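Enquirer: based on what follows, work out the 3D shape:
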Amino acid sequence: MSLHNEIKQLIIDCLDLEDVGIDDIETDSALFGEGLGLDSIDALELGLAIKKRFDVKIEANSEATKAHFYSVASLASFIESQRA
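Expert: The predicted structure follows:
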């Protein structure tokens, strides 16, 4: 499974998005607001799930973190940069 799809599945699983499939989440679309419509509580849950699953450090309340969480693509780039 590609990292993008792994992240999409993690979003679906950790946020209990029952009616959403991997193909429903656009890789480059916003996860919050206009895009998938996630909110700040979803961000906290997703942040914890990503931290646990990929063993990366996430700075709370930083502008960089907000940028990383913009889309699946930006999350994948962040995770890859942390693994390097």
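
Enquirer: list the buried residues in the lengthiest helix in the chain.
Expert: In the chain, assigned by DSSP state H, the helix with the most residues is helix 40-54. Judged by neighbour count using 16 or more other C-beta atoms under 10 Å, the buried positions of helix 40-54 are 42-43, 46-47, 49-50, 54. In short, each C-beta sits where N, CA and C put it, glycine included.

Enquirer: could you do stretch 7-24 as well?
Expert: The neighbour-count check on stretch 7-24 (16+ other C-beta under 10 Å) flags 7-8, 10-12, 14-15, 17, 22 as buried.

Enquirer: which of those lies closest to Arg83?
Expert: Among these, Ile7 lies closest to Arg83 (C-beta to C-beta), at 13.3 Å.

Enquirer: now do the same contact list for that closest one.
Expert: By C-beta atoms under 8 Å, 6 or more residues apart in numbering, the contact list for Ile7 reads 50, 72, 75-76, 79.

Enquirer: where's it, which helix or strand?
Expert: According to DSSP states H and E, Ile7 maps onto helix 3-14.

Enquirer: okay, that helix in CSV with CA atoms only?
Expert: Provided in CSV are the C-alpha atoms of helix 3-14 (Å, rounded to 0.1, in the frame of the first residue of the first chain):
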residue,chain,number,x,y,z
LEU,A,3,2.0,6.0,1.8
HIS,A,4,-0.8,8.1,0.5
ASN,A,5,-3.3,5.3,0.7
GLU,A,6,-1.9,4.3,4.1
ILE,A,7,-2.6,7.8,5.4
LYS,A,8,-6.1,7.8,3.8
GLN,A,9,-6.9,4.5,5.5
LEU,A,10,-5.6,5.9,8.8
ILE,A,11,-7.9,9.0,8.4
ILE,A,12,-10.9,6.7,7.7
ASP,A,13,-10.1,4.3,10.6
CYS,A,14,-9.2,6.8,13.3
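
Enquirer: could you give the angle of it to helix 40-54?
Expert: 120 degrees (axes from the mean of the first three to the mean of the last three C-alpha atoms, to 10 degrees).

Enquirer: which single one of the contacts of Ile7 is nearest to Ser29?
Expert: Ranked by distance to Ser29 (C-beta to C-beta), those are led by Val72 at 8.0 Å.
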